[in-house]
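**Student:** Whatever this is, show me its structure:
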Amino acid sequence: MNTGHNHHQGDFHTDDIQDAEFQDAEIIDEIHEQEAPKSHHQATAQDSLDVEIEDETKDELPEIIIKKNPEQKSEEKQTEKSNNNQSNNSSEADEAISILEAELHKEKDKFTRLFAEFENYKRRTAKERLELLTSAGQDVILSMLPVLDDFDRALVEISKSEDENLLRGVELIHSKFLNTLRSKGLEQIQVDTGDLFDSDIHEAITQTTAPTEDLRGKVLDVVEKGYKLGDKIIRYPKVVVGQ
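**Tutor:** As a prediction, the model looks like this:
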């Protein structure tokens, strides 16, 4: 009897152990089922947190860019301003150089004109001075020309006489007097019979019929000698012209 009871009691204990193990397995499964949603929820929360952090990071990046962009824009503005200033300075320098070149050309042209005028003035005054020196005694010389004419006539008449001493004496006086006038610039205008009449240097006192055809418009006779003082004619030779 005891053996059967013990065997029955051993079976009871085995069933109890199996039931207890089954119950423990169910409890463990429930715990796992409860932990699984929680873990999934935690993963979802973690993902949401990562998204929020990423969004916050993305939100912060424009702020950083915005913070940097004003500095970059300021530097670009400064660079552009500097370039504009350099361009303006270059334009102003070019304009100033153009103005200076124009003023220099104007002053150079003015100097050239003044120099040319001064050179002309020097030549003109030198010529006037020379003319003044050569014609200083023009009035005196003009007043002496009739005396010279008288000497010429006297020589012609004395040469007809036989008094050679008288002729020689008058010739010496005439030569000395003429040389003195020549030393003052007096020069006789040379005119010969048969020369072509030139109104620029001849003064026609009368016209007469030419003895030959080839003497028409030419000098037939010199009535009075002509003289010039330097390059200036002070008395035109008086001539008779054939026609």
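
**Student:** Name the helix or strand of this protein that has the lowest mean pLDDT.
**Tutor:** helix 2-134 (a mean of 64; mean pLDDT, DSSP states H and E).

**Student:** per-residue confidence averaged over whatever helix or strand comes next after that helix?
**Tutor:** Remark: after helix 2-134, the chain's next helix or strand is helix 138-158, criterion DSSP states H and E. Averaged over helix 138-158, pLDDT sits at 89.

**Student:** Helix or strand next in line after helix 138-158, which one?
**Tutor:** In N-to-C order, the element after helix 138-158 by DSSP H and E is helix 164-183.

**Student:** Need the contact partners of the helix or strand that comes right after that next one.
**Tutor:** Going down the chain from helix 164-183, the next helix or strand is strand 186-189, by DSSP H and E. With contacts defined as CB atoms under 8 Å, 6 or more residues apart in numbering, strand 186-189 is touched by 141, 201, 225, 226, 227, 228, 229, 233, 236, 237. All C-beta atoms are positioned from the backbone trio N, CA, C, and that covers glycine.

**Student:** And stretch 166-173, by the same measure?
**Tutor:** With contact meaning CB under 8 Å, 6+ apart, stretch 166-173 is reached by 151, 154, 155, 158, 159, 161.

**Student:** Find the nearest non-adjacent residue to the second one, please.
**Tutor:** Using CB to CB, 6 or more residues apart in numbering and skipping residues adjacent in sequence, the residue nearest residue 154 is residue 170, 5.9 Å away.

**Student:** Retrieve the pLDDT associated with the one you found.
**Tutor:** At residue 170, the model reports a pLDDT of 89.

**Student:** Over to residue 162?
**Tutor:** So residue 162 comes in at 82 (pLDDT).

**Student:** quick one, phi/psi of it?
**Tutor:** phi -100, psi 10 (degrees, to the nearest 10).

**Student:** Can you get me a residue count around it?
**Tutor:** 6 (other CB atoms under 10 Å).

**Student:** Residue 79 too?
**Tutor:** 10.

**Student:** and it, what is it in contact with?
**Tutor:** For residue 79, no contacting residues are found, by CB under 8 Å, 6+ apart.

**Student:** That one and residue 88, how far apart?
**Tutor:** 15 Å (CB to CB, to the nearest Å).

**Student:** for residue 97, same thing?
**Tutor:** In terms of CB to CB, residue 97 sits 15 Å off from residue 88.

**Student:** residues contacting residue 113?
**Tutor:** By CB under 8 Å, 6+ apart, residue 113 has no neighbours at all.

**Student:** what's the distance between it and residue 102?
**Tutor:** Counting by CB to CB, the gap from residue 113 to residue 102 is 17 Å.

**Student:** Please apply the same query to residue 188.
**Tutor:** 60 Å.

**Student:** Who has more neighbours out of these two?
**Tutor:** The residue with more neighbours, out of residue 188 and residue 102, is residue 188; 15 against 10, by other CB under 10 Å.

**Student:** and the more buried one, bridged to which residues?
**Tutor:** On the basis of DSSP bridges, residue 188 is bridged to residue 227.

**Student:** Would you mind measuring from it to residue 231?
**Tutor:** Separation of residue 188 from residue 231 (CB to CB): 14 Å.

**Student:** Alpha carbons only: can I get stretch 165-172 in PDB?
**Tutor:** The C-alpha trace of stretch 165-172 is given here as PDB (Å, rounded to 0.1, in the frame of the first residue of the first chain):
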ATOM      1  CA  ASN A 165      95.500 171.700-113.900                       C
ATOM      2  CA  LEU A 166      92.100 173.100-113.400                       C
ATOM      3  CA  LEU A 167      90.500 170.000-114.600                       C
ATOM      4  CA  ARG A 168      92.700 167.800-112.400                       C
ATOM      5  CA  GLY A 169      91.900 170.000-109.300                       C
ATOM      6  CA  VAL A 170      88.200 169.900-109.900                       C
ATOM      7  CA  GLU A 171      88.300 166.100-110.400                       C
ATOM      8  CA  LEU A 172      90.100 165.600-107.100                       C
END
